[in-house]
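Peer 1: Just to be clear, the model below is a prediction. Sequence and coordinates:
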Amino acid sequence: MNRTLSAIIVTALLFTMAACSEKKAPEPAALQGKNILSVLKAMGQSYEKKNLNAFMSDVSDRYPDRGPFSKSIAAIFAKYETIHFNIQYTKMLVMAKEGGQIKATFTWDAEWLAAKGTAQKNGGRVTLVFDPGSFKLVAIEGKSPFIPAENPVKQ
């Protein structure tokens with residue numbers, strides 16, 4: 001009886017010691033993924049608030065046609081009274097290649113409401129490409145989620 005009790009106690013101690021092992025630091029890819037999520041949330045918030053400077057601060061200088069892109073976003077902010085922008089974070093794929101760019105693929109939907117009662121609605125799946133050092137947007141693969149399609153809906 002004492003041997004059985006001693007064996008159980010020793011086994012319980014071994015399992016307890018193994019469970020209390022030292023915590024591991026997150027892998028670099030996990031940290032990059034977390035940073036990308038933060039950038040996407042910030043971009044979405046600044047886009048909805050129509051804050052051009054905050055939005056463009058997350059767009060890299062290496063973004064192709066950055067000037068015209070900025071002008072397009074400014075025109076959208078001027079044209080629409082309210083913007084609702086939603087990213088489906090639960091259905092997101094973030095790929096961080098070692099030494100390469102980080103790609104975030106996700107589903108999005110948006111609604112742009114104008115003062116005259118017209119609205120634009122759109123959505124889809126897109127891949128945004130980010131610089132791994134600065135976590136700034138360098139490319140959009142697919143239709144840009146920030147530019148509404150020209151198909152107004154009367155409300």
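Peer 2: Here it is on my side, so go on. Numbers count the residues shown, from 1 in each chain.
Peer 1: Just give me the residue right at the centre of the chain.
Peer 2: Leu40 (3.2 Å; CA atoms, centre = their mean).
Peer 1: Report the rounded mean pLDDT for the top helix by length along the chain.
Peer 2: Counting by DSSP state H, the longest helix found in the chain is helix 28-48. Across helix 28-48, the average pLDDT comes to 86.
Peer 1: immediately after it, which helix or strand?
Peer 2: Next in sequence after helix 28-48, counting helices and strands by DSSP states H and E, comes helix 52-56.
Peer 1: which residues are in contact with that following helix?
Peer 2: Helix 52-56 is contacted from outside by Ala42, Met43, Ser46, Tyr47, Ser70, Ile73, Ala74, Phe77, using CB atoms under 8 Å, 6 or more residues apart in numbering. Quick note: C-beta positions are derived from backbone N, CA and C, even for glycine.
Peer 1: What residues of it count as buried?
Peer 2: Leu52, Phe55, Met56 (16 or more other CB atoms under 10 Å).
Peer 1: And for stretch 81-100?
Peer 2: Ile83, Phe85, Ile87, Val94, Met95, Ala96.
Peer 1: Also stretch 100-109?
Peer 2: Neighbour-count burial for stretch 100-109 [16+ other CB under 10 Å]: Ile102, Lys103, Ala104, Thr105, Phe106, Thr107, Trp108.
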